[in-house]
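Asker: Fold the stuff below for me.
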Amino acid sequence: MASLTTRHAPTVGFDLDMTLIDSRPGIRAAYQALSAETGVPIDADLAVTRLGPPLELELANWFPEHRIAEMGDRYREIYPTFAIAPTPALPGAREAVAAVQELGGRAIVVTAKHEPNAKLHLSHLGIEPDAVVGWLWAEAKARALREHGATVYVGDHTGDVRGARTAGALSVAVPTGPCDEEELRAAGADVILPDLTAFPAWLERYAAGEPEARSA
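Answerer: Below is the predicted model of the structure:
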């Protein structure tokens, strides 16, 4: 193991939904509440199998185009009431963020989620990144990753892989969301971990400059 003086302290970006948090219970509850309020049937169980892309893409499956913006605003408004409390952290999430900071690095969350709601989740769960940037999906995430100087981006979706590659960051993928290992590797993920419990040990190797940590 390299000493602390020979490690570098990276800035690491993390996706939120299905990377740091299992947002399915909360999102399911929010969709069910929106359905009850509007009288529009929404298959919430199906919707939560497709997490990752922006909310409006999912709402387009249930509402006509002229109502999507209105329903998106309403969903985000009721979201804190229904979605924060039922949503747990995924195994290893707190430890992964802390591992970056313990090396002297910065941990940032870059997510497609409405930023205020993303911050509510993190606060509720006691996960404390150095910055949170919302409203960015897939390649658009590269903007925040570059601005913060992130050299690694961790996510569960092929869109996260595309964001990392667009930013020139190492793509670390975890198959804890809707995309399996084969899909993530085909999208160009550099490293695939089984889940975030494996992240701190991997980060030690990466920070020590071990070449094999850049492809696994």
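
Asker: list the contacts for the closest residue in space to residue 183 that isn't next to it in sequence?
Answerer: Nearest non-adjacent residue to residue 183, counting by CB to CB, 6 or more residues apart in numbering: residue 158, 5.8 Å away. From N, CA and C alone the C-beta is placed, and that goes for glycine too. Listed by CB atoms under 8 Å, 6 or more residues apart in numbering, the contact set of residue 158 reads 179, 183-184, 187.

Asker: and residue 131, how many residues sit next to it?
Answerer: Per other CB atoms under 10 Å, the neighbour tally for residue 131 reads 15.

Asker: And the longest helix anywhere in the chain, what's buried?
Answerer: Secondary structure assigned by DSSP state H gives helix 65-83 as the longest helix of the chain. By neighbour count on 16 or more other CB atoms under 10 Å, the buried set for helix 65-83 is 68, 71-72, 74-76, 79-80, 82-83.

Asker: average pLDDT for stretch 185-205?
Answerer: Mean pLDDT, computed over stretch 185-205, is 98.

Asker: Farthest pair within the buried residues of helix 65-83?
Answerer: For these, with distances taken as CB to CB, the pair at the greatest spread is 68 and 80 (20.7 Å).

Asker: which strands and helices sit next to the longest helix of the chain?
Answerer: Helices and strands touching helix 65-83, by 3 or more CB pairs under 8 Å, 6 or more residues apart in numbering; DSSP states H and E, are helix 24-38, helix 55-59, helix 115-125.

Asker: Contacts only, for residue 117.
Answerer: Residue 117 makes contact with 76, 79-80, 83-84, 134 under the criterion CB under 8 Å, 6+ apart.

Asker: What separation do you get for it and residue 75?
Answerer: Distance, residue 117 to residue 75, using CB to CB, to the nearest Å: 10 Å.

Asker: Check residue 145 too.
Answerer: Distance of residue 145 to residue 75, computed by CB to CB: 27 Å.

Asker: Tell me the buried residues in the helix or strand in which residue 142 is found?
Answerer: Taking DSSP states H and E as the criterion, the element that holds residue 142 is helix 141-147. Going by neighbour count (16+ other CB under 10 Å), the buried part of helix 141-147 is 141-142, 144-145.
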